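Q: generate coordinates for the sequence data below:
(chains A and B)
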Amino acid sequence: QQQVKQSPQSLIVQKGGISIINCAYENTAFDYFPWYQQFPGKGPALLIAIRPDVSEKKEGRFTISFNKSAKQFSLHIMDSQPGDSATYFCAGGSTLGRLYFGRGTQLTVWP
Amino acid sequence: NAGVMQNPRHLVRRRGQEARLRCSPMKGHSHVYWYRQLPEEGLKFMVYLQKENIIDESGMPKERFSAEFPKEGPSILRIQQVVRGDSAAYFCASSPSDEQFFGPGTRLTVL
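A: Model prediction:
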């Protein structure tokens, strides 16, 4: 059973546009929700993370929105740039425990 | 502070041989996680270790796979008698508490 479901599988956005990736989780015990960015041939890099006690967290052009009652969270990339083209993974888990990853979203930003 | 280091970066083995993957966590991190990634898929948890202890190995196949994190030296993921289905990218992550920082991965190819 997929503990974290991610959509869309792929996303194409114009330069300067907003990229939105959505995730839903099953386990209400999860208390930590990170997003990772991965370029081909590289390891995932931690972008931003949120805990359920806040509804939104912003770091630069990246924002996580969190809806605890719906068990959903999303990543917004403002002013998307070609350099943002990568695969993005959401994840959920508990502190000091395994992370359950979504299947990834391949983002392409056209110049 | 150097990031998580993994070696080798690429490993080719013939069916039936042993594969040994190494992971050196970031300085000060006492928690190590191993994940496996198949093409076009997210990361799947394998095992979580602290120094000299296996905390959670629920994601690791019962046979042929083992992991350790000794008091001195890197964490080791060992795959005995490799089969073609073991071909994947293996990532380790280290953590001081909840944030997990990934290494560049070892890409294992089984011929």
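Q: please enumerate the strands of the chain.
A: Unless you meant another one, I'm taking chain A. Secondary structure of chain A, counting by DSSP state E: strands at A:4-7, A:10-14, A:19-25, A:33-38, A:45-50, A:56-59, A:62-67, A:72-77, A:86-93, A:99-101, A:105-110.
Q: look at chain B instead
A: Ranges of strands within chain B are B:5-7, B:10-13, B:19-24, B:31-37, B:43-50, B:53-56, B:65-68, B:75-79, B:88-95, B:101-102, B:106-110, based on DSSP E.
Q: distance to chain A, mean neighbour count and mean pLDDT added to those, as CSV?
A: In this view, the C-beta of every residue, glycine as well, is placed from N, C-alpha and C. Shown next, in CSV, are the strands of chain B (distance: least, CB to the nearest CB, whole Å; neighbours: other CB atoms under 10 Å in any protein chain shown; pLDDT from 0 to 100):
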stretch, distance to chain A, mean neighbour count, mean pLDDT
strand B:5-7, 8, 17, 97
strand B:10-13, 10, 15, 98
strand B:19-24, 11, 20, 98
strand B:31-37, 7, 24, 97
strand B:43-50, 4, 22, 96
strand B:53-56, 6, 13, 96
strand B:65-68, 13, 18, 97
strand B:75-79, 15, 20, 98
strand B:88-95, 6, 24, 97
strand B:101-102, 4, 20, 96
strand B:106-110, 8, 18, 97
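Q: Serialize the ones you listed to a markdown table and add fields for distance to A:Lys5.
A: As requested, those are exported to a markdown table (distance: least, CB to CB, whole Å):
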| stretch | distance to A:Lys5 |
| --- | --- |
| strand B:5-7 | 29 |
| strand B:10-13 | 32 |
| strand B:19-24 | 29 |
| strand B:31-37 | 18 |
| strand B:43-50 | 15 |
| strand B:53-56 | 23 |
| strand B:65-68 | 27 |
| strand B:75-79 | 28 |
| strand B:88-95 | 21 |
| strand B:101-102 | 22 |
| strand B:106-110 | 27 |
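Q: among those, which is nearest A:Gly60?
A: A:Gly60 lies closest to strand B:101-102 among the strands of chain B, at 18.8 Å (CB to CB).
Q: same for that closest one, what does it pack against?
A: In this structure, strand B:101-102 makes packing contacts with strand A:45-50, strand B:88-95, judged by 3 or more CB pairs under 8 Å, 6 or more residues apart in numbering or on different chains; DSSP states H and E.
Q: could you rerun that using 7 Å?
A: strand B:88-95 (3 or more CB pairs under 7 Å, 6 or more residues apart in numbering or on different chains; DSSP states H and E).
Q: direction included, what does the strand it packs on pair up with?
A: Next to strand B:88-95 in the sheet, as set by DSSP bridges, lie strand B:31-37 (antiparallel), strand B:101-102 (antiparallel), strand B:106-110 (antiparallel).
Q: just give me how far it sits from the chain centre.
A: 5 Å (CA atoms, centre = their mean, to the nearest Å).
Q: quick check: bridge partners of B:His10?
A: For B:His10, the beta-bridge partners under DSSP bridges are B:Arg107.
Q: burial of the nearest residue to A:Ser55 once chain neighbours are set aside, as a residue count?
A: Once flanking residues are discounted, A:Ser55 sits nearest to A:Phe66: 5.4 Å by CB to CB, 6 or more residues apart in numbering or on different chains. A:Phe66 has 19 neighbours, counted by other CB atoms under 10 Å in any protein chain shown.
Q: so for residue 62, what's the pLDDT?
A: Unless you meant another one, I'm taking chain A. For A:Phe62, the pLDDT comes out at 97.
Q: not what I meant, chain B
A: 92.
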